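Asks: I'll drop the sequence and a predicted model, then ask my questions.
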Amino acid sequence: MIRLLATILLAAALLSAPLRTIADPHIEIEGLMPPNAAVVNVDGQRKMVKVGQTFQGVTLIAVYTRTATLEVDGNETVVGLSRKVGANYQPPSEQVVTIQINPSLQYRTNATINGRQAEVLVDTGANVMAMNLGEARRLGVKAEDGSPTRVETASGNVRAYLVNLKAVDVGGIKVNNVQAAVLEGDQPSTVLLGMTWLRHVKIEEKQGVMTLTKGP
């Protein structure tokens, strides 16, 4: 009887005890480097994570241009750039894009120009965005509608056309009405992301990672 009473009292104590809960992790995607990596911030700790790797209990499943797929506690979730998940989610006040330096010591990333995909090379020394005539045609940019001019390049003085791009989106940071130069010939081989776009963001570089930040 005494043993039965003790068992009942113990069960009652367990039922009345407050339940301990584990707080959901706060996760933020601070940078996307599709298709292989992303900069993930978990509870204030940031790390560049490759697909398949786990950081602070969060596994990176896939990386796309605007989103990343994560696995948390066995559940998959899709998170956009600078979007937080967790119990105390707050909308982001700024947009952030991070770009990892490549083996050639260049910062290259993907962009959407007038609704079409293109690779761009960050060039803080270029006064304007620049592309060759063939790339302009592929992107639907009509150079002949621009203003004829001449620009200095490493190969010398070449003929070019100044045009206005309707929109240039890099990792979710979108800038409208961006001036660009379309150069005759095959240079530059990659679209240069020059200052007519870069002036709209704050640029920071640290340990091989460039961070572009645009306020609200």
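Replies: Yep, it's here. All figures in this text were calculated on a predicted structure; none of them were measured in a lab. Residues are numbered from 1 along each chain as shown.

Asks: what's in contact with the biggest strand by length in the chain?
Replies: Looking across the chain with DSSP state E, the single longest strand is strand 156-170. For strand 156-170, the external contacting residues (Cβ atoms under 8 Å, 6 or more residues apart in numbering) are 97, 109-115, 120, 128-130, 136, 141-151, 174-185, 187, 193, 197, 212. Bear in mind the C-beta positions are built from the backbone N, C-alpha and C, glycine included.

Asks: how about it: buried residues?
Replies: Neighbour counts over strand 156-170 (16 or more other Cβ atoms under 10 Å) mark 158, 160-161, 163, 165, 168-170 as buried.

Asks: Which element is encountered next along the chain beyond the lowest-mean-pLDDT helix or strand in the chain?
Replies: The weakest-scoring helix or strand in the chain, judged by mean pLDDT, DSSP states H and E, is helix 2-16 (a mean of 40). Next helix or strand after helix 2-16 toward the C-terminus (DSSP states H and E): strand 27-33.

Asks: what helices or strands is that next one leaning on?
Replies: Packing partners of strand 27-33 (3 or more Cβ pairs under 8 Å, 6 or more residues apart in numbering; DSSP states H and E): strand 37-42, strand 45-50, strand 58-63, strand 67-72, strand 75-80, strand 84-85, strand 95-100.

Asks: least reliable of those strands going by mean pLDDT?
Replies: Of all the helices and strands packed on strand 27-33, the minimum mean pLDDT falls on strand 84-85 (a mean of 50).

Asks: How is this structure partitioned into domains?
Replies: Structural domains annotated on the chain: 27-92, 108-199, as defined by automatic domain parsing.

Asks: now for those, which one comes closest to residue 206?
Replies: Checking these against residue 206 by Cβ to Cβ gives domain 27-92 as the closest, at 11.4 Å.

Asks: Next, report how far that closest one is displaced from the centre of its chain.
Replies: 11 Å (Cα atoms, centre = their mean, to the nearest Å).

Asks: what's the answer for stretch 200-216, then?
Replies: 11 Å.

Asks: coming back round to it: please check the contacts of strand 156-170 and keep the buried ones.
Replies: For the contacts of strand 156-170, a burial check counting by 16+ other Cβ under 10 Å picks out 97, 109-113, 120, 128-130, 136, 141, 143, 146, 151, 175, 178-183, 187, 193, 197, 212.

Asks: Among those, name the ones in strands.
Replies: Among these, the ones falling in strands (DSSP E) are 97, 109-113, 120, 129-130, 151, 175, 178-183, 193, 212.

Asks: Which of the domains of the chain sits closest to residue 102?
Replies: Shortest distance between residue 102 and those, using Cβ to Cβ, is found for domain 108-199: 5.9 Å.

Asks: Distance of residue 94 relative to residue 100?
Replies: Plainly put, residue 94 is 20 Å away from residue 100 if you go by Cβ to Cβ, to the nearest Å.
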